[in-house]
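Student: Predicted model, plus sequence, below.
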Amino acid sequence: MPRTVLLNPGPVNVTDRVRQALMLPDLCHREKEFSDLMAGIRTKLLQAFDIEEKYTSVLVSGSGTAALEMAVSSSLSSGRSMLVIENGVYGERIGKICDVYQFNRHTLTLGWGEPPNMERIENELQQNPDIEIVALVHHETTTGLLNPLKEVGELARKYGKVFLVDCISSLAGDEVDFKSIDIAVGTANKCIQGFPGVSFVLFQKKELQRLDRIPERTLYFNLTGYHKAQEAGGMLFTPSIPAHYALNVALDELIEETVAGRVKRYANAAKFLRDGFKDIGLEFLIPEGWRSNCLTGLHLPKGMSYEKLHGELKANGFVIYAGQGNLSNNIFRIANMGDITQEEFQRFLKVLATVC
């Protein structure tokens, strides 16, 4: 019986090696074994992306949103504001986190799937000197749009701003220019190919002094509190131990494949699928040149509901993803993250063509 292939943007299919890492003996998180494991993961995250010289890492148990809330809530100085670029659900999520913490924010509001205009961003930075942080989602999985990380980062640097990037759906799947980023957010269960339950923040060491001066606003998500504890080999709260074991092995696999190798594998998979979508006659949501390597947004075939399409594909062993919000009745999404074989992609296209 073929396995179920997850064509949703996380959780993803993982290798047997990663799955077996969950089946380990019970362990107390206060023992040295777990401290060593955590230290190894924090180091491997930096090694995988070749950033160990200038960056440090913090682990938090929770989904990618947990690490995002940690980064956003812990990074804004009192009396300053954040510029949030919103062109999808996840950019809007950064805005919601700002609102929960009652932060001052400026918002560049765009249509879902609409790339940001650099002149508009620059105008915001020129007109609002209170802005301290520019926040952007790299891969906006609402649509599959890959936002211009490098260009926005260069603008942030030009005006002396801190650049905070949600890399949750792009890290290890699309090229990430760390030279542009001050604070990056990621998770285990997408392109890194681990299990849900642990996420992380990567930030430049030069940011630490500024971050230390920011008042503690949250108990569970205080970034510098976690950093101090983890640097000393401890942790503040009980972590998701099995997910950490799996992430450790997933990072071994990523380092073996190399980030460049995985990005290329995902890009090749996306091209193969998109050529197939064209042959079937499906219509793309995002124009060529703006698409992530990891996910493709497609208009639903005429006369077909998402429920019918999802049900037919799931019956054949493939799980796809619905559109969100006002796109929920118009599109569906196909991710190609995770450990998926070429044969499985070929079989999926055959089934999709038959269903359509």
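Tutor: Structure received.
Student: any idea which residue of this structure is furthest from its center?
Tutor: For the chain, the C-alpha farthest from the mean C-alpha position belongs to Gly303; by C-alpha atoms, centre = their mean, that distance is 32.9 Å.
Student: Contacts only, for it.
Tutor: Contact analysis of Gly303 by C-beta atoms under 8 Å, 6 or more residues apart in numbering lists nothing. (Glycine included, C-beta is placed from N, CA and C.)
Student: neighbouring contacts of the one helix or strand Glu253 maps to?
Tutor: Here Glu253, judged by DSSP states H and E, is contained in helix 241-257. The contact list for helix 241-257 (C-beta under 8 Å, 6+ apart) reads 14-15, 17-19, 21-22, 24, 27, 29, 34, 37-38, 40-41, 44-45, 47-48, 59, 61, 172, 188, 192-198, 262, 265.
Student: tell me which residues in the next helix or strand after it are buried?
Tutor: As assigned by DSSP H and E, the chain's next helix or strand after helix 241-257 is helix 259-280. By neighbour count on 16 or more other C-beta atoms under 10 Å, the buried set for helix 259-280 is Val259, Arg262, Val263, Arg265, Tyr266, Ala267, Ala269, Ala270, Leu273, Arg274, Gly276, Phe277.
Student: next structured bit after helix 259-280?
Tutor: Counting by DSSP H and E, what follows helix 259-280 is strand 295-299.
Student: pLDDT score for Met1?
Tutor: We have a pLDDT of 69 for Met1.
Student: where exactly do the helices run in this structure?
Tutor: Remark: helices assigned in the chain by DSSP state H are 16-20, 32-48, 64-75, 89-100, 118-127, 149-158, 208-212, 223-231, 241-257, 259-280, 306-315, 342-355.
Student: give me every residue that touches Asn336.
Tutor: So Asn336 contacts Leu7, Tyr266, Ala269, Ala270, Leu273, Asn293, Cys294, Leu295, Thr296, Phe345 (C-beta under 8 Å, 6+ apart).
Student: same deal with Ser81?
Tutor: Contacts of Ser81 by C-beta under 8 Å, 6+ apart are Phe103, Asn104, Arg105, His106, Asn128, Asp130, Ile131, Glu132.
Student: Pull the number of nearby residues for the third one.
Tutor: Residues within reach of Arg105, counting by other C-beta atoms under 10 Å, total 19.
Student: wait, doesn't Ile121 sit right on Gly153?
Tutor: No: at 10.9 Å, Ile121 does not count as touching Gly153 under the criterion of C-beta atoms under 8 Å.
Student: what residues are up against Leu223?
Tutor: Val58, Met70, Ala71, Ser73, Ser74, Ser75, Val201, Phe203, Leu211.
Student: Tell me the predicted confidence for it.
Tutor: 98.
Student: Likewise for Val198?
Tutor: 98.
Student: Kindly report the same for His29.
Tutor: Confidence for His29, expressed as pLDDT, is 84.
Student: any idea how far it lies from Thr4?
Tutor: 32 Å (C-beta to C-beta, to the nearest Å).
Student: What of Leu309?
Tutor: 16 Å.
Student: With Leu208 instead?
Tutor: 43 Å.
Student: likewise Gly317?
Tutor: 5 Å.
Student: Pick out whichever of those two has more residues nearby.
Tutor: Gly317 (15 against 12).
Student: distance of that one from Tyr306?
Tutor: Applying C-beta to C-beta to Gly317 and Tyr306 gives a distance of 18 Å.
Student: Quick check: His310 vs Lys278, distance?
Tutor: Taking C-beta to C-beta, one finds His310 at 22 Å from Lys278.
Student: Ok, Thr43 next?
Tutor: 43 Å.
Student: just Gly111 next, same as before
Tutor: In terms of C-beta to C-beta, Gly111 sits 24 Å off from Lys278.
Student: Contact partners for Val319?
Tutor: Thr4, Val5, Leu6, Leu7, Asn8, His310, Leu313.
Student: which one of those has the most neighbours?
Tutor: Going by other C-beta under 10 Å, Leu7 tops these with 27 neighbours.
Student: okay but that one is in contact with Lys314, surely?
Tutor: No: Leu7 is beyond contact range of Lys314, at 10.3 Å (criterion: C-beta under 8 Å).
Student: Could you give the number of residues near Val58?
Tutor: Val58, neighbours per other C-beta under 10 Å, totals 24.
Student: ditto for the one 10 residues further on
Tutor: Neighbours of Leu68 under the rule other C-beta under 10 Å: 28.
Student: What of the one 4 residues further on?
Tutor: Around Val72 sit 28 other residues, with neighbours defined as other C-beta under 10 Å.
Student: same thing with Gln102?
Tutor: 8.
Student: which residue is nearest the middle of this structure?
Tutor: Ile168 (1.0 Å).
Student: Phi and psi next, for the closest residue to Phe34 other than its chain neighbours.
Tutor: Distances taken as C-beta to C-beta, 6 or more residues apart in numbering put Leu27 closest to Phe34, at 5.8 Å, once the chain neighbours are dropped. The phi/psi pair for Leu27 (degrees, to the nearest 10) reads phi -140, psi 140.
Student: Surely Leu27 is in contact with Asp36?
Tutor: No: Leu27 is beyond contact range of Asp36, at 11.1 Å (criterion: C-beta under 8 Å).
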